[in-house]
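[1] Attaching a predicted model along with its sequence, questions to come.
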Amino acid sequence: MRILLFGGWGQLGSDLVAAAADRHSLARPRRAEVSVTDRDGVARAVEAYGPDAVIDAAAFHRVEECEADVEEALAVNAVGAWNVAVAARGAGARAVYVSTDYVFDGERVDGYAEDDQPRPLSAYGMSKVAGEHATRVGCPDALVVRASGLFGHAGSSGKGGNFVETMLTKSAHGEAISVVDDQTFSPTCSRDMAERILLLLERRVPPGIYHCANEGSCSWFRFAQTIFELAGVEADLAPRAAGVQVVRRPRCSVLLDTKATGLGLSPNRSWEEGLRWYLSTRADGGAGAGGPTIETGPDGWRSDRDEGSERPGDLRTRQEARAERAGGRA
């Protein structure tokens, strides 16, 4: 399967590259080369690469900045999603849009199923709801995949690390740490989410919304406790209430996977297991979590399976890719 990935250099993108290694051909242009907000640029990239699936993991996700710049949040998270979805449909490819638990208001203490009605509390959540709708209208065969509290070895490009690394760094510096104990969510190991996305594509599941978080839930305080317990680290940790926040966040944004069993899929592993794996593989970045190098440059990108081509640095054309798939070599 040929996959074109926008937003491919953060936590999830890097783990998608690693998960796709030796299974699929994947290209991930940098934002400086193609922004999802550039409709024509996106269309050209999709047409040139000839993908079977186009994943939109690009996002403006710093919630405070989204409140201050709603136009940019909508441009990236909604209009960008439309651009990707329409281009994917035009190329006969399946679109995948990466979304968030922040589409919900957090008032359901038992968590949210895939088709529960979104009710966001913030500009960020609103823009992601808009992106979900744009994706499903622009490409009716699309998948919308949601996660919560991502943590991966590549860190978050927009946030500088992730919650796990922040906790470990603070404890290493001997800082007193207080963490919110009245907001519950489903921590998500980005490698597990990446594997889940590829599985959904490989199994050709019906279009719709899928929750790709790890199984189970906890408060942010409990998550921090478990990080220190599994890492064998002593920390000065205390719980606190969320109190008044500059940007409202859902009190309970647990994502329930109600579709896996009906599709014959095993549920994701627990968040504790995902965290244990993450901590045990920190030294080597997840045993190759960075995945194969996908080079970029003025001549375009190349995927890991284009390394030995006669035209290194160029994308194979859509027609060549289609011909390969027709011959059973995709």
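    That came in fine, so what should we check first? Numbering: from 1, shown residues only.

[2] how about the helices of the stretch 151-300 of the chain, start to end?
    163-172, 190-202, 220-231, 271-280, 285-288 (DSSP state H, counting those that start in this stretch).

[3] which other residues reach the second one?
    For helix 190-202, contacts defined as CB atoms under 8 Å, 6 or more residues apart in numbering pick out 1, 3, 11-12, 14-16, 18-20, 23-24, 52-53, 55, 94, 96, 143, 145, 147, 150-154, 210, 212-214, 265, 268-269, 274, 277-278, 286, 289. Where you see a C-beta, it was placed from the backbone N, CA and C, and this is true even at glycine.

[4] could you dump it to PDB, C-alpha only?
    Extracted C-alpha coordinates of helix 190-202, given in PDB (Å, rounded to 0.1, in the frame of the first residue of the first chain):
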ATOM      1  CA  SER A 190       1.500   6.900  19.500                       C
ATOM      2  CA  ARG A 191       3.100   3.600  18.300                       C
ATOM      3  CA  ASP A 192      -0.100   1.800  19.200                       C
ATOM      4  CA  MET A 193      -2.200   4.300  17.400                       C
ATOM      5  CA  ALA A 194       0.000   4.100  14.300                       C
ATOM      6  CA  GLU A 195      -0.300   0.300  14.300                       C
ATOM      7  CA  ARG A 196      -4.100   0.700  14.700                       C
ATOM      8  CA  ILE A 197      -4.400   3.100  11.800                       C
ATOM      9  CA  LEU A 198      -2.500   0.800   9.500                       C
ATOM     10  CA  LEU A 199      -4.600  -2.200  10.600                       C
ATOM     11  CA  LEU A 200      -7.800  -0.300   9.800                       C
ATOM     12  CA  LEU A 201      -6.500   0.500   6.400                       C
ATOM     13  CA  GLU A 202      -5.200  -3.100   5.800                       C
END
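
[5] re the thing from before, any idea which of the helices of the stretch 151-300 of the chain gets closest to residue 250?
    helix 220-231 (12.2 Å; CB to CB).

[6] The closest one - contacts with which helices or strands?
    helix 163-172, strand 176-180, strand 236-240, helix 271-280 (3 or more CB pairs under 8 Å, 6 or more residues apart in numbering; DSSP states H and E).

[7] Name all residues that make contact with residue 212.
    With CB under 8 Å, 6+ apart, residue 212 has these contacts: 145, 146, 147, 188, 192, 193, 196, 197, 255, 257, 268.

[8] Could you check how far the fourth one is from residue 279?
    I take that to be residue 188. Look at residue 188 and residue 279: by CB to CB, to the nearest Å, they are 15 Å apart.

[9] The last one now?
    Counting by CB to CB, the gap from residue 268 to residue 279 is 18 Å.

[10] higher neighbour count, these two?
    Per other CB atoms under 10 Å, whichever of residue 268 and residue 279 has more neighbours is residue 268, with 24 against 17.

[11] before we move on, the earlier item: looking at the contacts of residue 212, point me to the pair that's furthest apart.
    Farthest pair in the contacts of residue 212, by CB to CB: 197 and 255, 14.3 Å.

[12] Can you classify residue 84 by secondary structure?
    Following DSSP: H, G, I helix; E, B strand; the rest coil, the label given to residue 84 is helix.

[13] List phi and psi for the closest residue to it other than its chain neighbours.
    Spatially, and ignoring its direct neighbours in sequence, residue 84 is nearest to residue 56 (4.3 Å; CB to CB, 6 or more residues apart in numbering). Here is the backbone geometry of residue 56 (degrees, to the nearest 10): phi -100, psi 90.

[14] Would you agree residue 56 is in contact with residue 93?
    No: if you go by CB atoms under 8 Å, residue 56 and residue 93 don't touch, sitting 11.7 Å apart.

[15] So which of those two has more stuff around it?
    residue 56 (30 against 26).

[16] ok, the more buried one to residue 17 distance?
    Residue 56 is 15 Å from residue 17, where distance means CB to CB.

[17] hang on, the earlier thing: could you dump the helices and strands packed on helix 220-231 into CSV and include distance to residue 86?
    As requested, the helices and strands packed on helix 220-231 are exported to CSV (distance: least, CB to CB, whole Å):
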stretch, distance to residue 86
helix 163-172, 35
strand 176-180, 39
strand 236-240, 45
helix 271-280, 34
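
[18] Helix or strand with the lowest mean pLDDT in the protein?
    Every helix and strand of the chain was ranked by mean pLDDT, DSSP states H and E. The lowest is strand 296-297, at a mean of 29.

[19] ok, which stretches of the chain are strands?
    2-6, 25-27, 53-56, 94-100, 143-147, 150-151, 176-180, 184-185, 188-189, 208-211, 218-219, 236-240, 296-297, 300-301 (DSSP state E).

[20] Figure out which of these is closest to residue 225.
    Here strand 236-240 is closest among these (CB to CB), at 6.6 Å.

[21] Contacts made by the closest one with the rest, please.
    By CB under 8 Å, 6+ apart, strand 236-240 touches 171, 174-181, 219, 221, 224-225, 228.
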